[in-house]
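Asks: Dropping the sequence and predicted coords here.
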Amino acid sequence: MSQSSTTASQEDMRHHKVPLGWRDQCSALLIPLNICRKEKYYLPWECEHERHTYEKCQYDDYVRRMKELSKIKQAQSDEAAQ
């Protein structure tokens, strides 16, 4: 499995204490977001760019997974129809 530019290494995630549930395709964007949040005391108007970038990555990953699921379901229904 190759890592994309938005996926952090296991060592980076361990070093930055990223919880297991958040270690996904966008983990490399979560690390700077969490660092910014801690430095800025979680003020909601701070770190907007980092948060937007991370949320966009999460959304794009969701859309990609839904497209894959749609293709699998379509293939299964085509197979069942034959």
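Replies: All right, it came through fine.

Asks: Check the gap between the residue nearest the centre of the chain and Asp78 for me.
Replies: Nearest to the geometric centre of the chain sits Cys26, at 2.9 Å (CA atoms, centre = their mean). Cys26 sits 32 Å away from Asp78, going by CB to CB, to the nearest Å. Where you see a C-beta, it was placed from the backbone N, CA and C, and this is true even at glycine.

Asks: and Met13, how many neighbours?
Replies: Other residues near Met13 come to 19 when the count uses other CB atoms under 10 Å.

Asks: sorry, that was for Cys47
Replies: 21.

Asks: quick one, what contacts it?
Replies: Leu33, Cys36, Arg37, Lys40 (CB atoms under 8 Å, 6 or more residues apart in numbering).

Asks: looking at the residues you listed, which has the most residues close by?
Replies: Leu33 (18 neighbours).

Asks: if you skip the residues just before and after it, what's nearest to it?
Replies: Glu50 (4.2 Å; CB to CB, 6 or more residues apart in numbering).

Asks: Might you report the residue contacts of that neighbour?
Replies: Glu50 touches Leu29, Pro32, Leu33, Cys36, counting by CB under 8 Å, 6+ apart.

Asks: now do 6 Å
Replies: Shown in contact with Glu50 (CB atoms under 6 Å, 6 or more residues apart in numbering): Pro32, Leu33, Cys36.

Asks: pLDDT at the residue nearest to the last one when sequence neighbours are not counted, what is it?
Replies: So the one you mean is Cys36. For Cys36, ignoring the flanking residues on the chain, the nearest one in space by CB to CB, 6+ apart is Cys47 at 4.0 Å. pLDDT, Cys47: 96.

Asks: separation between Cys47 and Gln82?
Replies: 52 Å.

Asks: Isn't the residue nearest to the centre of the chain up against Glu55?
Replies: No: between Cys26 and Glu55 there is no contact under CB atoms under 6 Å: 8.8 Å.

Asks: What residues sit buried inside the lengthiest helix in the chain?
Replies: Identified as the longest helix of the chain according to DSSP state H is helix 48-81. For helix 48-81, burial by neighbour count (16 or more other CB atoms under 10 Å) applies to Glu50, Thr53, Tyr54, Cys57, Gln58.
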